[in-house]
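>>> Provided below are the primary sequence and the corresponding predicted coordinates.
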Amino acid sequence: MRVEQSVLPLVGIHPDFTQFSLARHFYVSVLSGIATNTLLNPIFVIKSRLDVQRRESSTAYSGPLDCAVRMIKEEGLGSLYGGLLMYQLQAIAPSSKYALYECAMAQYRAHTGRPAPRSLSFMSNMLLSIMTITAAYPMLVLRIRMRTDVEHRPMGYHWAQMRSGGLPGLYPGFKLHLMKAVPFSTTNLQLYLLFNRLLVCDSMASALVAPDE
């Protein structure tokens, strides 16, 4: 069953994905973001557990593998997908990044008459990823602080605490986060390009069979 025929018409959308458009790349980026988040969510959950645990505690995890095994044994496999809905909602955020990425690639093709080389495509994606991550990182820190706060203090309290620490207070652990974001961004780009090709093929197939219908 084709994506265009089975999903988008349900919300009254009938786009033509054979032509370059920001709408097409919005759909593709959301789909690739959802797929990437689903695949990598267990890594995010394990990282959060290790970040906030008290290492001197007798119940502390000894490492990522121990954390994963104990979570599955004690809490079930579903525990690795805690907070997945929040990450899925965040799949909308990269939409502007990929729209800009496709615009840059289109401009390169228009000026040179050929597709951008893989190295330029990769570097463009990484540059836009770093810009997006840098802009959104304080919100990520805020969400983690609120998620791990057993006293359930309001968002304003945590935001004030972060701001009181200056720039380091808004960007704790940022370098480590960038190291994690490199494989994430690479995976996300490959899935984005895959969904992009699938949607274009679906639209071309629909255009061919439309007169007979």
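Cool, the structure landed. Numbers count the residues shown, from 1 in each chain.

>>> which other helices and strands does the longest helix seen in the chain contact?
Longest helix in the chain, counting residues (DSSP state H): helix 174-209. The contact analysis (3 or more CB pairs under 8 Å, 6 or more residues apart in numbering; DSSP states H and E) places helix 174-209 against helix 3-6, helix 22-52, helix 118-147. In short, each C-beta sits where N, CA and C put it, glycine included.

>>> gap between it and the chain center?
11 Å (CA atoms, centre = their mean, to the nearest Å).

>>> in stretch 186-203, what counts as buried?
Within stretch 186-203, the residues that qualify as buried are Asn188, Leu189, Leu191, Tyr192, Phe195, Asn196, Leu198, Leu199, Asp202, Ser203, counting by 16 or more other CB atoms under 10 Å.

>>> picking that back up, which of the helices and strands packed on helix 174-209 sits most buried?
Comparing the helices and strands packed on helix 174-209 by mean neighbour count (mean count of other CB atoms under 10 Å), helix 22-52 ranks first with a mean of 18.

>>> figure out how far that one is from the centre of its chain.
With CA atoms, centre = their mean, you get 4 Å for helix 22-52.

>>> and the angle from it to helix 174-209?
Relative orientation of helix 22-52 versus helix 174-209 (axes from the mean of the first three to the mean of the last three CA atoms, to 10 degrees): 150 degrees.

>>> same for the helix or strand just after helix 22-52, what does it pack against?
Per DSSP states H and E, helix 22-52 leads on to helix 64-75 as the next helix or strand towards the C-terminus. Here helix 64-75 touches helix 22-52, going by 3+ CB pairs under 8 Å, 6+ apart.

>>> the helix it packs on vs helix 118-147, what angle?
For helix 22-52 against helix 118-147, the angle by the same axes, to 10 degrees is 50 degrees.

>>> model confidence over helix 22-52, on average?
The predicted model assigns helix 22-52 a mean pLDDT of 79.

>>> likewise for stretch 159-178?
Per-residue scores along stretch 159-178 average to 88.

>>> and the residue most central in space within the chain, how far from Lys73?
With distances taken as CA atoms, centre = their mean, the residue of the chain nearest its centroid is Gly33 (4.5 Å). Noted for Gly33: a distance of 31 Å to Lys73, by CB to CB, to the nearest Å.

>>> for Ile144, give me the pLDDT.
We have a pLDDT of 73 for Ile144.

>>> ah, wrong one, I meant Met86
With respect to pLDDT, Met86 scores 62.

>>> how about His111?
His111 carries a pLDDT score of 90 in this model.

>>> please, which helix or strand holds it?
Applying DSSP H and E, one finds His111 within helix 95-112.
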